[in-house]
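> This is a predicted model, with the sequence first.
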Amino acid sequence: MKLRVNDTVVVLLGKDKGREERIEKLLPKKGKIIVKGINVFKKHIKKTQDNEGGIVDITKPIDVSKVALKCPECGKSTRVGYTVIKDKKQRVCRKCKKLIK
C-alpha cells in the first residue's frame, strides 16, 4: 500500500467526493483505510448495563482506490511513485517529482 498514516488524501468517489482529510488507520489486508470524518454512518445502539445506548456516529473504512494522495509540496492530488536514494526506497510525487515524507 502506497499510503501511510497521517497522509492527507482527497476523496475521488462517493458521498464525500472532493473532501480532504488525514488517514487515521490502514487495513492493508482488506485494501481499505479509515479517514477521519469520511464515510460516517449512524448506528443505533441498544441500552445495556455497560453503555447508555442511542444513536452513535461510526466511521467505516473506505477503499484505497477511491482516494488519492494530496502532495504536500504542490498541493495537487497525485499518484505515488518510487525512487531509490542511498539504498532506500523513497516515495515521490508523480506531478512535481519531489519527495513525499
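Good, I have the coordinates.

> ok, so what distance separates the spatially most central residue of the chain from V67?
Among the residues of the chain, the one closest to the centroid is I23, at 3.9 Å (C-alpha atoms, centre = their mean). According to C-beta to C-beta, to the nearest Å, I23 stands 8 Å off from V67. No exception for glycine: its C-beta is placed from N, CA and C like everyone else's.

> same question, K43
Counting by C-beta to C-beta, the gap from K43 to V67 is 23 Å.

> where's the longest strand along the chain relative to the chain centroid, distance-wise?
For the chain, the longest strand by residue count, based on DSSP state E, is strand 20-27. Centroid separation for strand 20-27 versus its chain: 3 Å, with C-alpha atoms, centre = their mean, to the nearest Å.

> What are the phi and psi values at V64?
phi -60, psi -30 (degrees, to the nearest 10).

> whoops, I mixed them up, A68
phi -130, psi 140.

> hang on, the earlier thing: so what's the residue nearest to the centre of the chain up against?
Listed by C-beta atoms under 8 Å, 6 or more residues apart in numbering, the contact set of I23 reads 3-7, 9, 33-35.

> any idea which of those residues is closest to D50?
D50 lies nearest to I34 out of these, by C-beta to C-beta, at 23.8 Å.

> Which secondary structure elements does the strand or helix carrying the closest one sit against?
I34 is part of strand 32-35 when elements are defined by DSSP states H and E. On a contact count with 3 or more C-beta pairs under 8 Å, 6 or more residues apart in numbering; DSSP states H and E, strand 32-35 meets strand 8-11, strand 20-27, strand 62-63.

> Can you list the neighbours in contact with that strand?
Residues from elsewhere that reach strand 32-35 (C-beta under 8 Å, 6+ apart): 3, 9, 11, 21-27, 59-64, 67.

> hang on, the earlier thing: K43 and V67: who's more crowded?
Using other C-beta atoms under 10 Å, the more surrounded residue of K43 and V67 is V67, with 25 against 10.

> Show me what the more buried one is bridged to.
Using DSSP bridges, the bridge partners assigned to V67 are V11.
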